[in-house]
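Undergrad: Fold the following.
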Amino acid sequence: MATVFKRPESLTDAKFHYCPGCTHGIIHRLIAECMDEMNIREKTIGICPVGCSVLAYDYFNCDMLEAAHGRAPAIATAIKRLLPDRFLFTYQGDGDLASIGMAEIVHASLRGEKISVFFINNTLYGMTGGQMAPTTLIGQVATTCPYGRKVENEGYPAKMAELLAGNEGSAYISRVAVNTPANVMKAKKAVKKAFETQARGLGFSMVEILSTCPTNWGLNPIDAMKWMEENMIPNYPLGEFKVKEDR
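TA: Residues are numbered from 1 along each chain as shown. Got it, this is the predicted structure:
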C-alpha cells in the first residue's frame, strides 16, 4: 500500500509535551513539512524561545539553539551573518516576541535581517500560568488581569504583523491560523513563503500564527477552536500584510 501520511523527516520521534488541544504540534509539523519539501533540513538552524515551546529543540530534527527570553532574533542574526548559506528560523511565543523581545524583533525587521520568524500568538503567557501578554484581548481575563484587560489600564493589544509590515526591511509578513483544515493549509503556504523569501535574500520575514491555549483559557479543545474563531480572528485579521517582490 502507498504511504499517504507519515512523520516528516524534519521532526524527531520524541513525544510532544504540549497540553491536549494545544496547536504547537500542528505548527511544528507544518514547519517540518516545509523543510522536507524544500530539502533544506541539513542547512537549517532553528532558535528556540523561552515559553511553552522551550523544548522545541527536542522535536525538530535539525540544528537547534536555545535563546534567552526574547533574544532569538539577535542570535539568528549573528548566525545568519556568519553562515549566510544557512536557513535561520526563530520559533517564538507572544510573551517572548512581543514583550521582552519587542526591541529585538523590531530592529531585526528594520535591519532587514534575512531570517524567518514563526510567531505563535495565543494571547497570553502559557507556560507560567496564563498571565496577560501584549496580545491579550480587550476584556480577556488573565491571571494578572482577573477583571479583564481594560484599555485605560493596560492599553491596546499589540498587532505585530501590522506593526512590522510598516518597516522597510520587512519582506514578507502574514498572519494565519490553525483552527480549521483550510486554515492549516493556508498556514503551511505562508511558512513555505517565509522560507522562500529568505532563500531569495529579500529581507526579514515573519508569519504570525494564531494558536489555542485550552488550559489557560479554561476551555476544552473544541471550544478553544471556537473561541479563536469568534474572538481572536476578528481582532487579529488573517492575510498577507507585506510581500516584497524580487529586486
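
Undergrad: in stretch 136-150, what counts as buried?
TA: 136-137, 140-142, 145, 149 (16 or more other C-beta atoms under 10 Å). In short, each C-beta sits where N, CA and C put it, glycine included.

Undergrad: so which of these would you say is closest to residue 70?
TA: residue 136 (17.2 Å; C-beta to C-beta).

Undergrad: still on that earlier bit, can you tell me which of the buried residues of stretch 136-150 lies closest to residue 42?
TA: For the buried residues of stretch 136-150, the nearest to residue 42 is residue 136 (39.2 Å; C-beta to C-beta).

Undergrad: my guess is the closest one meets residue 143, correct?
TA: No: using C-beta atoms under 8 Å, residue 136 is not in contact with residue 143, being 10.7 Å away.

Undergrad: What is the longest helix of the protein by residue count?
TA: The residue-count maximum for a helix in the chain (DSSP state H) belongs to helix 181-199.

Undergrad: which is the next helix or strand following that one?
TA: Heading C-terminal from helix 181-199, the first helix or strand you meet, by DSSP states H and E, is strand 204-210.

Undergrad: How many neighbouring residues does residue 82 have?
TA: 8 (other C-beta atoms under 10 Å).

Undergrad: How about the spatially most central residue of the chain, nearest residue that isn't a chain neighbour?
TA: The chain has residue 119 as the residue nearest its centroid, 2.1 Å off, counting by C-alpha atoms, centre = their mean. Leaving aside its sequence neighbours, residue 119 sits nearest to residue 208 (C-beta to C-beta, 6 or more residues apart in numbering; 4.6 Å).

Undergrad: Now the longest helix of the chain: average pLDDT?
TA: For helix 181-199, the mean pLDDT works out to 98.

Undergrad: So for residue 6, what's the pLDDT?
TA: Residue-level pLDDT assigned to residue 6 equals 84.

Undergrad: count of neighbours near it?
TA: Quick note: residue 6 (other C-beta under 10 Å) scores 6 neighbours.

Undergrad: Show the contacting residues for it.
TA: If you count contacts by C-beta atoms under 8 Å, 6 or more residues apart in numbering, residue 6 has none.

Undergrad: So that it lines up with my notes, have the first residue be 9 from now on.
TA: Okay, using 9 as the starting number, the last item reads as residue 14.

Undergrad: Quick check: it is in a strand.
TA: No: going by DSSP: H, G, I helix; E, B strand; the rest coil, the assignment for residue 14 is coil, not a strand.

Undergrad: Got phi/psi on it?
TA: Main-chain torsions, residue 14, degrees, to the nearest 10: phi -160, psi 170.

Undergrad: With the one 3 residues further on instead?
TA: Comment: the main-chain dihedrals of residue 17 come out as phi -60, psi -20, following degrees, to the nearest 10.

Undergrad: Quick check, it in contact with residue 44.
TA: Yes: using C-beta under 8 Å, residue 17 makes contact with residue 44 at a distance of 5.4 Å.

Undergrad: just to revisit the earlier point, ok, the residue nearest to residue 127 - contacts?
TA: 127, 129, 168-169, 181-184, 244.

Undergrad: That one bridge partners, please.
TA: residue 127, residue 183 (DSSP bridges).

Undergrad: Distance-wise, check it relative to residue 17.
TA: 26 Å (C-beta to C-beta, to the nearest Å).

Undergrad: cool, and residue 28?
TA: Taking C-beta to C-beta, one finds residue 28 at 26 Å from residue 17.

Undergrad: between those two, who's got more neighbours?
TA: The residue with more neighbours, out of residue 28 and residue 17, is residue 17; 13 against 8, by other C-beta under 10 Å.

Undergrad: Enumerate every residue touching that one.
TA: Residue 17 neighbours (C-beta under 8 Å, 6+ apart): 40, 44, 49, 69.
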